[in-house]
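Peer 1: Give the three-dimensional model of this entry:
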Amino acid sequence: MSAPATAPQPPVQLSLPRPVPQQKFRTPKKNIPQTPQERNRVLLAARAYVEREKPVPPLPQGELEKHADALVSHLGIDHIYRDYVGVLINNELWRESLASVPYERRLLLIPKCLRVESKCPAPFDEFGLLCKQCGLCSIQDLQLEAERLGYAVLVAEGSAIVMSLIQTGKIEAIVGVSCLSVLERAFPYMEAAAVPGVAVPLLQDDCIDTTVDLDWVWEYIHLTSDDRTRRLDLGALREEVDFWFTPLALDSAMGVAMGETEKIAREWLQRAGKRWRPFLTVAVYQALQNEPGKAVPESLKKVAIAVECFHKASLIHDDIEDGDLSRYGEPTLHAEHGVAVALNVGDLLIGEGYRLLAESAHGAEERVRMLQIAAQGQRELCRGQGSELAWARAPRPLTSVEVMEIFERKTAPAFGVALEIGAIAAGVDAHDEVAEVLKNYSRSMGIAYQIRDDLEDYAGGETVGAPDDVAGLRPSVVLSSGWERAQGESKSILESCWRRENVNPETVREACANSGALERSQDLLERYKEEAIRSLGELENPSLKGLLRRVIGKIFNDTEIKGWCKEFENKQLQSTEAPSL
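Peer 2: Below is the predicted model of the structure:
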């Protein structure tokens with residue numbers, strides 16, 4: 001009797017998330033740190049400074065300036081960053097107070113310059129803009145989410161209105177989206193009323209059609225004392241996960257390596273890498289604990305290492321299939337040891353992953369579910385890679401949707417496996433709402449992650465030692481966006497690239513840049529990041545919701561605060577002294 005036929009798999013139905021309104025990507029001004037790493041350094045320094053010095057809010061403006069000056073001096077950074085540093089210090093002073101105030105006692109203050117001025121149908125009254133929910137800008141999203149939580153929302157910059165609301169006694173905390181000039185005018189009122197307030201600067205320096213880092217705003221408006229993870233140090237947690245991949249730690253978790261194949265596999269596990277996937281496993285587990293800061297159990301370490309085993313195995317096989325000779329700035333495994341050895345090591349790591357899951361100290365039902373999740377993820381990854389390999393046999397231009405269908409299968413499953421296994425280890429039931437949210441979240445985040453890698457590749461390869469998809473003539477969302485938009489000679493160049501003909505990589509990069517592909521891809525990146533945030537909307541667990549929102553910032557960490565409005569810039573030029581906060 002012949003084996004029953006396998007049921008055909010339905011095609012992936014992928015649609016683009018709705019555009020992020022009015023995204024602009026401009027050159028940063030010089031009065032803020034220019035890179036995400038520098039800004040993160042200043043944020044951590046401000047947090048440590050407040051913890052060490054313990055200033056008591058509300059601080060008078062002059063005293064806040066002195067603290068900002070002290071931190072600027074300590075960091076050895078330019079004095080022009082003082083205002084930015086002062087905002088961070090003030091936010092940290094009020095963070096815990098804000099978290100303790102119920103949502104219904106808070107005010108979200110949004111500037112009307114977030115609207116698309118030339119198209120906005122909303123009228124004004126004495127209190128500000130009356131949003132018509134047209135979807136053209138981010139005001140609608142922020143207002144709806146804040147009001148759903150219980151906030152009062154005001155779309156206006158008038159400090160007198162803010163003061164009148166404070167005087168009613170109904171407002172006990174403020175989250176303000178604004179430029180520094182407006183913050184400066186509102187500061188005395190908030191100081192006088194001792195109202196906790198945090199500020200999120202606008203992304204552009206214009207007073208028309210501006211934007212804001214929505215993730216930053218979402219983090220603040222959802223901040224609550226019910227979130228037990230808000231003090232969880234994600235940087236320290238990631239460092240701990242990195243330590244698990246040192247030689248002695250791996251031997252402790254996996255047993256001493258026996259034979260040459262196992263030794264090569266362990267060495268590959270120890271090699272450089274961001275290790276986001278095991279980090280996500282541990283982060284989700286911690287968020288679902290009653291004591292998130294408690295030491296990670298040994299059983300979870302094995303589970304997290306298993307997740308990385310699957311990922312590192314996929315990289316070995318990808319490098320062979322793509323013909324890449326370098327990864328992490330070193331020779332790929334097959335370039336160093338030959339294809340046969342590399343294939344065998346990759347297969348061993350997959351087996352090690354399943355072994356670690358099966359031998360973990362979790363219950364039998366949990367172990368079975370972990371193995372099922374891992375197997376489904378492995379299957380989906382191979383289907384995605386298979387789609388790319390099939391394209392390579394008959395190369396043709398792919399649309400952005402087609403490329404992201406590949407991303408959804410190749411990249412997103414690894415994030416989904418990491419997140420879902422962490423939730424299972426924490427005791428989440430298979431039918432719990434968390435499981436469905438994690439699927440949607442990982443899908444959007446995985447696609448965004450791959451788009452970010454594509455952008456770095458086309459910008460010149462910021463990921464040190466990563467394979468070059470441009471030179472390798474492999475599908476990317478930048479290439480698809482370029483081909484969809486290009487005309488004339490650029491269209492011909494990109495057409496040749498898609499057909500894997502011999503094209504100079506720099507010529508391809510130039511054709512993509514000329515077509516606007518980088519801007520289009522950046523827009524898609526922001527869309528999928530925002531979709532990942534939106535997927536958390538129905539999540540009831542405040543600790544998990546807060547952590548997953550912070551994880552997006554941790555992984556991407558690419559928000560650029562692009563300056564302040566022209567009003568404040570003119571004020572700076574007219575002043576002979578450093579501007580006040």
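Peer 1: Just to check, residue 417 is in contact with residue 375?
Peer 2: No - using Cβ atoms under 8 Å, residue 417 is not in contact with residue 375, being 9.5 Å away. For glycine as for every other residue, the C-beta is placed from the backbone atoms N, C-alpha and C.
Peer 1: Please parse this protein into its domains.
Peer 2: In the assignment given by automatic domain parsing, the structural domains of the chain cover 36-225, 234-556.
Peer 1: what about the last one, start to end distance?
Peer 2: What it means is domain 234-556. For domain 234-556, the first and last residues are 14 Å from each other (Cα to Cα, to the nearest Å).
Peer 1: Who are the packing partners of the longest helix seen in the chain?
Peer 2: With DSSP state H applied, the helix covering the greatest number of residues in the chain is identified as helix 364-393. In this structure, helix 364-393 makes packing contacts with helix 298-322, helix 339-358, helix 400-410, helix 412-425, judged by 3 or more Cβ pairs under 8 Å, 6 or more residues apart in numbering; DSSP states H and E.
Peer 1: With neighbour numbers in mind, choose between residue 417 and residue 375.
Peer 2: It is residue 417, of residue 417 and residue 375, that has more neighbours when counted by other Cβ atoms under 10 Å, with 28 against 13.
Peer 1: Next up, the contacts around that one.
Peer 2: By Cβ atoms under 8 Å, 6 or more residues apart in numbering, residue 417 lies in contact with 277, 307, 310, 373-374, 377.
Peer 1: Of those residues, which pair is most distant in space?
Peer 2: Spanning the widest gap among these are 277 and 373, at 12.7 Å by Cβ to Cβ.
Peer 1: any weak-confidence spans in the stretch 451-581 of the chain?
Peer 2: Flagging of the stretch 451-581 of the chain using pLDDT under 70 yields the residue ranges 460-469, 557-581.
Peer 1: Tell me which stretches of it form helices.
Peer 2: 477-485, 488-498, 505-515, 517-534, 542-556, 566-574 (DSSP state H, counting those that start in this stretch).
Peer 1: In the longest one, which residues are buried?
Peer 2: Under the neighbour-count criterion of 16 or more other Cβ atoms under 10 Å, helix 517-534 has 517-518, 520-534 buried.
Peer 1: which regions of this structure sit below the pLDDT cut-off?
Peer 2: Of all residues in the chain, those with pLDDT under 70 make up the ranges 1-37, 115-119, 121-137, 157-163, 179-193, 203-213, 215, 430-431, 460-469, 557-581.
Peer 1: mind checking the SS state of residue 154?
Peer 2: Three-state call for residue 154 (DSSP: H, G, I helix; E, B strand; the rest coil): strand.
Peer 1: since we're on it, how many residues are nearby?
Peer 2: If you count neighbours by other Cβ under 10 Å, residue 154 ends up with 21.
Peer 1: Bridged to it, which residues?
Peer 2: Beta-bridge pairing for residue 154 (DSSP bridges): residue 109.
Peer 1: quick one: it and residue 106 touch, right?
Peer 2: No - shown here, residue 154 and residue 106 do not form a contact pair, counting by Cβ under 8 Å, at 11.3 Å.
Peer 1: helix or strand for residue 281, which one?
Peer 2: In this structure, residue 281 is located in helix 276-287 according to DSSP states H and E.
Peer 1: Report all helices and strands that that helix contacts.
Peer 2: Using 3+ Cβ pairs under 8 Å, 6+ apart: helix 276-287 touches helix 234-243, helix 298-322, helix 412-425, helix 542-556.
Peer 1: Not counting that helix itself, show me its contacts.
Peer 2: Helix 276-287 is contacted by residues 228-229, 232, 234, 237-238, 240-241, 244, 292-294, 296, 300, 303-305, 307-308, 311, 414-415, 417-419, 421-423, 425-426, 438, 541, 543-544, 546-548, 551, 555 when judged by Cβ under 8 Å, 6+ apart.
Peer 1: nearest residue to residue 346 other than its sequence neighbours?
Peer 2: residue 316 (3.8 Å; Cβ to Cβ, 6 or more residues apart in numbering).
Peer 1: Could you check how far that neighbour is from residue 170?
Peer 2: Taking Cβ to Cβ, to the nearest Å as the measure, residue 316 falls 60 Å from residue 170.
Peer 1: Which of the two has more residues huddled nearby?
Peer 2: Here residue 316 and residue 170 are set side by side on neighbour count (other Cβ under 10 Å), and the busier one is residue 316, at 25 against 11.
Peer 1: how about the helices of the stretch 451-581 of the chain, which one is nearest residue 96?
Peer 2: In this view, the helices of the stretch 451-581 of the chain are compared for proximity to residue 96 by Cβ to Cβ, and helix 542-556 is the closest at 13.8 Å.
Peer 1: how far does that closest one sit from the chain's center?
Peer 2: Using Cα atoms, centre = their mean, to the nearest Å, the mean C-alpha position of helix 542-556 is found 8 Å from that of the whole chain.
Peer 1: What is it packed up against?
Peer 2: Secondary elements touching helix 542-556 (3+ Cβ pairs under 8 Å, 6+ apart): helix 214-222, helix 234-243, helix 276-287, helix 433-458, helix 517-534.
Peer 1: again, 7 Å this time
Peer 2: helix 214-222, helix 276-287, helix 433-458, helix 517-534 (3 or more Cβ pairs under 7 Å, 6 or more residues apart in numbering; DSSP states H and E).
Peer 1: so which of the ones you listed is the most packed in?
Peer 2: Among these, ranked by average contacts under mean count of other Cβ atoms under 10 Å, first place goes to helix 276-287 (a mean of 26).
Peer 1: orientation of that helix relative to helix 234-243 in degrees?
Peer 2: Taking axes from the mean of the first three to the mean of the last three Cα atoms, to 10 degrees, helix 276-287 and helix 234-243 form an angle of 120 degrees between their directions.
Peer 1: and for the strand or helix carrying residue 89, what are the contacting residues?
Peer 2: With secondary structure defined by DSSP H and E, residue 89 is part of helix 82-100. Helix 82-100 is contacted from outside by 31-32, 42-43, 46-47, 49-50, 55, 57, 59, 64-65, 67-69, 71-72, 173, 180, 196-199, 201, 223-225, 230, 578-579, 581, using Cβ atoms under 7 Å, 6 or more residues apart in numbering.
Peer 1: go again using 6 Å as the cut-off
Peer 2: The list of residues contacting helix 82-100 from outside it, by Cβ atoms under 6 Å, 6 or more residues apart in numbering, reads 32, 43, 46-47, 50, 57, 64, 67-68, 71-72, 173, 180, 196-199, 223-225, 581.
Peer 1: nearest to residue 102, of the helices of the stretch 451-581 of the chain?
Peer 2: Residue 102 lies closest, by Cβ to Cβ, to one member of those: helix 542-556, at 12.8 Å.
Peer 1: got the contact list for residue 406?
Peer 2: For residue 406, the contact set (Cβ under 6 Å, 6+ apart) comprises 384, 387-388.
Peer 1: my bad, residue 316
Peer 2: Remark: with contacts taken as Cβ under 6 Å, 6+ apart, residue 316 is in contact with 333, 342, 346.
Peer 1: Swap in 8 Å and give it another go.
Peer 2: Contact criterion Cβ under 8 Å, 6+ apart gives 268, 332-334, 342-343, 345-346, 349 as the residues in contact with residue 316.
Peer 1: Find the nearest non-adjacent residue to residue 296, please.
Peer 2: According to Cβ to Cβ, 6+ apart, the nearest residue to residue 296 is residue 282 (6.0 Å).
Peer 1: One more: residue 366?
Peer 2: Setting aside the residues directly before and after it, residue 366 is nearest to residue 424 in space (Cβ to Cβ, 6+ apart), at 5.4 Å.
Peer 1: Could you do residue 356 as well?
Peer 2: residue 306 (3.8 Å).
Peer 1: Next, work out how far apart the closest residue in space to residue 446 that isn't next to it in sequence and residue 405 are.
Peer 2: Beyond its immediate neighbours in the sequence, the residue positioned closest to residue 446 (Cβ to Cβ, 6+ apart) is residue 412, lying 2.8 Å away. Distance from residue 412 to residue 405, counting by Cβ to Cβ: 10 Å.
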